[in-house]
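Undergrad: Predicted model follows, preceded by the sequence.
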Amino acid sequence: MRIDSCRKCGIELCILKYCHGCGQPIQFECKKCQKLTDEQIHFQCMYKPPLLLVS
């Protein structure tokens, strides 16, 4: 998994959203300044049924 830092303040980003097809992170948020990254799109996952998460 990639770990990026915020382009605005440099703080490490936390995961905000996961892909419904593969479960990989697709959007991140900075805890300090609340800046969101663009949502990444996994074209190979778009037409797969969503993963069911059992808690």
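TA: Thanks, I have the structure now.

Undergrad: and Q24, what are its phi and psi?
TA: Backbone geometry at Q24, expressed as degrees, to the nearest 10, gives phi -80, psi 150.

Undergrad: Also the one 4 residues further on?
TA: According to degrees, to the nearest 10, the main-chain angles of F28 amount to phi -130, psi 160.

Undergrad: That one is in contact with Y18, isn't it?
TA: No - F28 is not in contact with Y18 according to C-beta atoms under 8 Å; the separation is 11.0 Å. Using the backbone N, CA and C atoms, a C-beta is placed for each residue, glycine as well.

Undergrad: More neighbours: those two, which one.
TA: F28 (22 against 14; other C-beta atoms under 10 Å).

Undergrad: how close does the more buried one sit to L16?
TA: Per C-beta to C-beta, to the nearest Å, F28 is found 6 Å from L16.

Undergrad: Kindly report the same for C9.
TA: 16 Å.

Undergrad: of these two, who's got more company?
TA: L16 (14 against 11).

Undergrad: what does the stretch of helix or strand the more buried one belongs to contact?
TA: Element membership for L16, per DSSP states H and E: strand 13-18. Contact partners of strand 13-18, identified using C-beta atoms under 8 Å, 6 or more residues apart in numbering, comprise 3-6, 24-31, 36-37, 39.

Undergrad: Surely Q40 and Q27 touch.
TA: Yes - here Q40 reaches Q27: they are 7.0 Å apart, a contact under C-beta under 8 Å.

Undergrad: hey, what's in contact with both of these two?
TA: Shared contacts of Q40 and Q27 (C-beta under 8 Å, 6+ apart): none.
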